[in-house]
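[1] build the 3D model from these lines:
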Amino acid sequence: MTKKLYKSKDNKIFCGVIGGVGEYFDIDPVLLRVVWLLIVVFTGFFPGLIAYFVACLIVPKKPE
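    Alright, predicted model coming up:
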């Protein structure tokens with residue numbers, strides 16, 4: 001069975017994308033959020049925010 005990327009229902013602050021990535025790769029979502037925040041701050045705010053909102057639209061919700 002293949003793993004699929006879904007938005008997290010348990011580890012979510014805004015949309016659940018980073019929590020879902022953490023569950024997919026078995027990495028602590030807090031660490032991923034800190035890394036994402038650093039990337040957003042050091043590359044300019046808009047590219048990182050746009051990428052996150054696009055991921056919110058593309059990544060499906062976890063099925064029940």
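
[2] all contacts plus neighbour counts: C-alpha atoms, from now on.
    Fine.

[3] need the contact list for the residue positioned nearest the centre of the chain.
    Nearest to the geometric centre of the chain sits Ile18, at 2.0 Å (C-alpha atoms, centre = their mean). Ile18 is in contact with Lys7, Ser8, Lys12, Pro29, Leu32, Arg33, counting by C-alpha atoms under 8 Å, 6 or more residues apart in numbering.

[4] what's the helix or strand where Leu37 lies packed up against?
    Element membership for Leu37 (DSSP states H and E) is helix 29-43. Contact analysis of helix 29-43 by 3 or more C-alpha pairs under 8 Å, 6 or more residues apart in numbering; DSSP states H and E lists helix 17-25, helix 45-58 as its packing neighbours.

[5] now those helices in JSON lines, with distance to Thr2 and mean pLDDT?
    Below are those laid out as JSON lines (distance: least, C-alpha to C-alpha, whole Å; pLDDT from 0 to 100):
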{"stretch": "helix 17-25", "distance to Thr2": "11", "mean pLDDT": "94"}
{"stretch": "helix 45-58", "distance to Thr2": "19", "mean pLDDT": "92"}
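
[6] which stretch among those helices comes nearest Met1?
    Proximity to Met1 (C-alpha to C-alpha) singles out helix 17-25 among the helices and strands packed on helix 29-43, at 13.6 Å.

[7] buried residues in the closest one?
    By 16 or more other C-alpha atoms under 10 Å, the buried positions in helix 17-25 come out as Val17, Ile18, Gly19, Gly20, Val21, Gly22, Glu23.

[8] what sits against the first one?
    Val17 makes contact with Tyr6, Lys7, Ser8, Tyr52, Ala55, Cys56, Val59, according to C-alpha under 8 Å, 6+ apart.

[9] burial check on the last one, number of neighbours?
    For Val59, the number of neighbouring residues by other C-alpha atoms under 10 Å comes to 17.

[10] pretty sure it contacts Lys7?
    Yes: applying C-alpha atoms under 8 Å as the test, Val59 and Lys7 come out as touching, 6.3 Å apart.
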